[in-house]
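>>> mind looking at a prediction? Sequence and model below.
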Amino acid sequence: MKVCPIQRFGMPAVMEHYVATGEVLGKGTHLLEGYTFLERGYFGPGELPQFDRQFFEIPMVAMRSGSSSSSKRN
């Protein structure tokens, strides 16, 4: 969930909606559950980004170069 419903709509609105419907205000909507993730694009409620092996190899290279520079300081 991107944002807490209470943070987004306020406690009174969330509680009134829950009492009236039995559901959390905004659950399953783009307002609370939609997000843009890195260069992967926009994902709506229930959508998950897909990762391939190449996605994980790039940060590992950066980590290796960062670890060698930190070892030079010691």
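Arrived safely. Quick caveat, the model's predicted, so the values are computed rather than measured.
>>> where does this protein dip in pLDDT?
Residues of the chain meeting the criterion pLDDT under 70: 1-2, 54-74.
>>> mind redoing it with 50?
Applying pLDDT under 50 to the chain flags residues 69-74.
>>> which SS state does Thr36 fall under?
Three-state call for Thr36 (DSSP: H, G, I helix; E, B strand; the rest coil): strand.
>>> surely Pro49 meets Arg40?
Yes. Contact criterion CB atoms under 8 Å: Pro49 and Arg40 qualify, at 4.6 Å. Yep, even glycine has a C-beta here, placed from its N, CA and C like the rest.
>>> what sits closest to Gly28 if chain neighbours are left out?
Excluding the flanking residues, the one nearest Gly28 by CB to CB, 6 or more residues apart in numbering is Pro45, at 4.9 Å.
>>> ok, which stretches of the protein are helices?
5-9, 11-21, 30-33, 53-73 (DSSP state H).
>>> is it true that the residue nearest to Gly28 touches Tyr35?
No. Using CB under 8 Å, Pro45 is not in contact with Tyr35, being 9.9 Å away.
>>> what is in contact with these two at once?
Contact criterion CB atoms under 8 Å, 6 or more residues apart in numbering; residues shared by Pro45 and Tyr35: none found.
>>> circling back to that earlier point, for the residue nearest to Gly28, which residues are in contact?
Gly28, Thr29, His30, Leu32, Glu33, Gly34.
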